[in-house]
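Enquirer: Turn this into a model:
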Amino acid sequence: MAGVGGAVLGAQSDQVSVDWDERVLAAHAHPHFMQSSTWEAIRSGGPWTVSRRGLGTERDYPVLVFERNAEGFGTLQHLPRVSGLTPDDIGPLTERIRAERGTAFATKIEVYQPREETLVAAFESSGWLPTRASQYRHAVVVETAMSEEEILSRMKKRARSEIRVAERNGVIVGRVELSDENRRRMLDLVRETEERSGAFFRGPGYLERVWSAFSRDDRGHLYFAWHDGRVVAGAFVALFGGNAWYKDGGSLRDQPQLMASRLLQWEIIRDLAATGVGRYDLGHVPSPAEPDAPGQGVLVFKSAFVREVSEFMPAFQLSHEERAEQWRRGEREFIARHLERTGDYWY
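Expert: Predicted coordinates:
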């Protein structure tokens, strides 16, 4: 099967993009927005180049391949958030990648499906080595294809109690238009949260570009929580197929007792369930096996919505040239230096 080639969304018809998304939705077990035409358009506007490839052999397996020059090394290929792979797929997939790597010195793949030891072994036996993940490995995922009563029953008592507290406090939640005013409000919430928590967020230009692209393609919604007429918390949710992600969020610091963020997420879950979305990924949490890792407050908050934390597959690198091993061992330091120099994340 021939690859689609180095197509960029801006030069294509809407129908071509629809066809691409339909292929991804059909082939990937958990289709991720990073494999959508929306993300392709977002990333094509920066230092990354994006190509559409058909990397299957016996079946259609479409993958967006992202490439960027890593200074001092050359071109790195990145296949983020692919899914639907079985151990039998890895050998043929590896052969295709080696044959079509172009000038890339290495290829990184990050598989968006639960850790499976037989799949890990298949990657290792095909020459892939474990490497630094650019995307989170642990997350809280809420299954929303069930009744509200069932979703609530799967939550911890803490979450149900805090939802009731927020309701008694008069917090109101709703989906809002991504207007200029609401974008500014959301950015203010994000920045306040960044200052309070020390968490890293992308710059305002990047965030606005992402929100606008998802909203334009009807793949993203902005939600606010109000108290006494004032916006106290917000969340932007990305959508692709029957899946949703808590993409960005923020809240004011002055009234944590309102439990507004808890009710905000519950109303998002209710809205997603009502519109047919079956899976809501609340995003990164530290591994429960690492109690000293940063972000324990995030873990406590998010894990109250479900009883188990999901662990995804580790990241792997396939080396094509000798310098790839130097990259694999030094990538973490390279990324840290880039962040210190530019204030932005390399990926």
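Enquirer: Helix, strand, or coil at G127?
Expert: Recorded secondary structure, G127: coil (DSSP: H, G, I helix; E, B strand; the rest coil).
Enquirer: show me what contacts the closest residue to it other than its chain neighbours?
Expert: Nearest residue to G127, sequence neighbours excluded (Cβ to Cβ, 6 or more residues apart in numbering): L318, at 6.2 Å. For glycine as for every other residue, the C-beta is placed from the backbone atoms N, C-alpha and C. By Cβ atoms under 8 Å, 6 or more residues apart in numbering, L318 lies in contact with T94, I97, R98, A106, T107, K108, I109, S126, G127, W128, L129.
Enquirer: What is the neighbour count of the last one?
Expert: Neighbour count for L129, taken as other Cβ atoms under 10 Å: 15.
Enquirer: Kindly state the pLDDT recorded for it?
Expert: As summarised for this prediction, L129 has a pLDDT of 98.
Enquirer: Check the gap between it and W327 for me.
Expert: As for L129, its distance to W327 is 11 Å (criterion: Cβ to Cβ, to the nearest Å).
Enquirer: Need the residues touching each of these two.
Expert: Contacts common to L129 and W327, judged by Cβ under 8 Å, 6+ apart, are Q317.
Enquirer: returning to that earlier point: what about the residue nearest to G127, which SS state?
Expert: L318 ends up strand, using three-state DSSP.
Enquirer: Can you give the domain ranges for the chain?
Expert: 9-137+313-342, 139-310 (automatic domain parsing).
Enquirer: what is the mean pLDDT for the longest one?
Expert: Pointing back at domain 139-310 there. Mean predicted lDDT for domain 139-310 stands at 96.
Enquirer: So for stretch 261-276, what gets flagged as buried?
Expert: Residues S261, R262, L263, L264, Q265, W266, E267, I268, I269, D271, L272, A273 are the ones in stretch 261-276 that count as buried (16 or more other Cβ atoms under 10 Å).
Enquirer: ok, those vs L252, which is closest?
Expert: Set against L252, the nearest of the buried residues of stretch 261-276 by Cβ to Cβ is S261 (9.9 Å).
Enquirer: Good, we can wrap up now.
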